[in-house]
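Visitor: kindly return the folded structure for what I paste below:
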Amino acid sequence: MAASAKNSVLKIERSIPIVVLPEHETPEGSVFLTSLDQVAPAIVPTIYSFDRSDTSVVDVIKQALARVLVPYYPVAGRLAKNSLGKLVVDCQKKLGVPFVEAMADCDIENLGDKRLLDSDVLDKLVYRDPVEHILEVAPLLTAQVTKFRCGGFTLGIALNHCMADGVSAMNFMNAWAEIARGKPLSLVPCHDRTILKSRVPPQITGPYNEFVHISDVSNMTALYVEQLVYKSFHFDAEKLVTVKRMATKDEQVTSNCSSFVALAALVWRARSMALKMKLHQQLKLLLLVDFRSRLRAPLPNGYFGNAVAMPCCLCTMGELIEEPMSASAGRIKKAIKSVTDDYIRSRIDYLDMNRLEGLPVATLVISSWARLEYGNTDFGWGKPRFGIGGLPSSSCMFMSEGREKGIAVMLGLPLSAMDTFEKLICDLNDTQYTNIGIQT
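Guide: Take a look at the predicted model:
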C-alpha cells in the first residue's frame, strides 16, 4: 500500500448489507415535509474517523442504531408522494437502514486528509444502496463501519437531505453516539414539521435573487470539461485577522464583520477571478443560513428537518472586482441580515410553488459547518475526525479546525482555475485583487 490512499486504490471487503429496524414499535402514518425539505432530495455522504476501537465496535454501533431509530423513526421510513404530488415520509413502510461491515487492507492514516476525501476513497467507505435512485424504495440512511489494520475505524453514512440539514444531522449522530455510550438522549427530536408549513393563501414579498436566470456568457462550461480538483485551505487565527482587516479596510462600507463574512468575501472574489469570468457575467453567491433562532417563535431545540435559508448576492463580475473587498463583505452582511421571520415565511410560500432548478456555473454556494458539534460524536472510542466528499462543483464549505486552529476552506475547481485560486487565496494581498485574468 502506498503512503496515501489518494495515489493508490483503497481495497476493502464488504459484508452483505443487513437491514436495521427500530428496536421497538414506532408511529405509523406519514411525516409532512416542508418546501425547504423538498428542495434537494440528494444523498449526502459523510465520514467519521476514529483512531481506536475494539472487537465490539460493530455490534455496539449497530445495536445503538436500532435504538436511536425509535426516537428518530422517520429515518427508517421511505419517501412517497401524497395526493398533491408532494414528498412525505411514509413511516408505515419501515424498510429500515442498510448496515454494512467492512475491512480495509491498510492503516487509517493512509487515508490522507480525512476532512476532504477523494471520491474513490469515499465510495469505498460509504455504502450507497443500488436502489437509491428509486424514490419509493431508496433508504433514507445507510451506514458502514470499516475497520483498519491499525485498530482504527470509520463510520460512513449516506443521509438523504430531505431528512435533515447540518444541525439536524449532527443532532441525530450525537444521539446515536450517546445511546452507544449508554447515555440518555440529551435532546429529544421534534418531528412536527408543520411548524414551517406554507401559508394559505401564500404571502410572498420577494423578489428572490437565487431564482434569477443567469447565462454562461463567459463559456465556463467549457472550462469545467477539465479535471475537477478538490482542495482544502487552512486559515489560522493570524490569517483570519488579515482577511478581516482586508474586509474592513474601507470603513465607509463596513466597519466590522465576522470571520465567516470576511472569508466568504475573499473566496467569492478569488474563485470568480480564477474562473476568468467576463466583466458583464452575472454571478450569484448563495449563503446557507441557519434560521432556527431568527423566527419570532424560535423552533424547538430538537427540530429535526431543514431550517436553512439561502439569501443571495447578485451582481456582475465587473461590479464585484471594481468594488473594494469591504463592499463585497457588505453585500454578504446585508444578505444574511435579510433573513428575518417575514423573509423565511415568504420564501417557504414561494418554494411551495416554484422549484430551484439547478445551479449555473457562475453560482457559488457557501456553507459553514464551523459551529456544528460533529466532534462530539463519540461512540465510546473517543471523538472523531469528520470528513466529507463529493462536494458539488458549485459548493464551498467552511469547517472548524478547533478553537485555536482556525477554519478550513474546501472546494473543487477545474485544474487550471484551482492553480490561480490557490495563488490568490494563499498570498493575501489587497493589490492583487484587480483585473487578474479578467475577460472583457
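
Visitor: tell me how this protein divides into domains.
Guide: When the chain is parsed with automatic domain parsing, its domains come out as 12-196, 212-432.

Visitor: of those domains, which shows the lowest average pLDDT?
Guide: Comparing mean pLDDT across the domains of the chain, the weakest is domain 212-432, with a mean of 89.

Visitor: run the chain-centre distance for that domain.
Guide: Relative to the centre of its chain, domain 212-432 is centred 11 Å away, using Cα atoms, centre = their mean, to the nearest Å.

Visitor: burial measure for Leu288, as a count.
Guide: The number of residues packed near Leu288 is 17, by other Cβ atoms under 10 Å. Placement of C-beta: from N, CA and C, glycine included.

Visitor: tell me the secondary structure for the closest residue to it other than its chain neighbours?
Guide: Nearest-residue entry for Leu288: Ser367, 4.0 Å, with adjacent residues in sequence omitted and distances by Cβ to Cβ, 6 or more residues apart in numbering. Following DSSP: H, G, I helix; E, B strand; the rest coil, Ser367 is assigned to strand.

Visitor: ok, Tyr127 to Asp192 distance?
Guide: For Tyr127, the distance to Asp192 (Cβ to Cβ, to the nearest Å) stands at 31 Å.

Visitor: mind checking which of those two has more residues around it?
Guide: Each of Tyr127 and Asp192 has its neighbours counted (other Cβ under 10 Å); Tyr127 has more, 25 against 14.

Visitor: shouldn't that one be in contact with Pro98?
Guide: Yes - using Cβ atoms under 8 Å, Tyr127 is in contact with Pro98, at 6.4 Å.

Visitor: any shared contact partners between these two?
Guide: 17, 142-143 (Cβ atoms under 8 Å, 6 or more residues apart in numbering).

Visitor: redo those as a markdown table? Include secondary structure, distance to Glu28 and neighbour count.
Guide: As requested, the shared contacts of Tyr127 and Pro98 are arranged in a markdown table below (DSSP: H, G, I helix; E, B strand; the rest coil; distance: Cβ to Cβ, whole Å; neighbours: other Cβ atoms under 10 Å):
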| residue | secondary structure | distance to Glu28 | neighbour count |
| --- | --- | --- | --- |
| Pro17 | coil | 24 | 18 |
| Thr142 | strand | 23 | 23 |
| Ala143 | strand | 23 | 23 |
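
Visitor: related to what we said a few turns ago, need the contact list for the residue nearest to Leu288.
Guide: Ser367 makes contact with 166, 287-288, 395-398 under the criterion Cβ under 8 Å, 6+ apart.

Visitor: just among those, which is most surrounded?
Guide: Busiest of these [other Cβ under 10 Å] is Leu287, holding 24 neighbours.

Visitor: and that residue, what are its bridge partners?
Guide: Leu287 has these beta-bridge partners by DSSP bridges: Ile366.

Visitor: against Gly182, how distant is it?
Guide: Leu287 is 40 Å from Gly182, by Cβ to Cβ.

Visitor: likewise for Ala102?
Guide: Distance, Ala102 to Gly182, using Cβ to Cβ: 26 Å.

Visitor: which one of these two has more residues nearby?
Guide: Of the pair Ala102 and Gly182, Ala102 is the one with more neighbours under other Cβ under 10 Å, namely 20 against 9.

Visitor: need the contact list for that one.
Guide: 12-15, 124-125, 144-147.

Visitor: with Arg347 instead?
Guide: Here Arg347 is in contact with 208, 309 (criterion: Cβ under 8 Å, 6+ apart).

Visitor: check which helix or strand covers it.
Guide: Assigned by DSSP states H and E, Arg347 falls within helix 341-353.

Visitor: in that helix, what's buried?
Guide: Neighbour-count burial for helix 341-353 flags 343-352 (criterion: 16 or more other Cβ atoms under 10 Å).

Visitor: save those residues as JSON lines, and put in distance to Arg199 too.
Guide: Compiled in JSON lines, those are given as follows (distance: Cβ to Cβ, whole Å):
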{"residue": "Tyr343", "distance to Arg199": "14"}
{"residue": "Ile344", "distance to Arg199": "12"}
{"residue": "Arg345", "distance to Arg199": "7"}
{"residue": "Ser346", "distance to Arg199": "9"}
{"residue": "Arg347", "distance to Arg199": "12"}
{"residue": "Ile348", "distance to Arg199": "8"}
{"residue": "Asp349", "distance to Arg199": "6"}
{"residue": "Tyr350", "distance to Arg199": "11"}
{"residue": "Leu351", "distance to Arg199": "12"}
{"residue": "Asp352", "distance to Arg199": "9"}
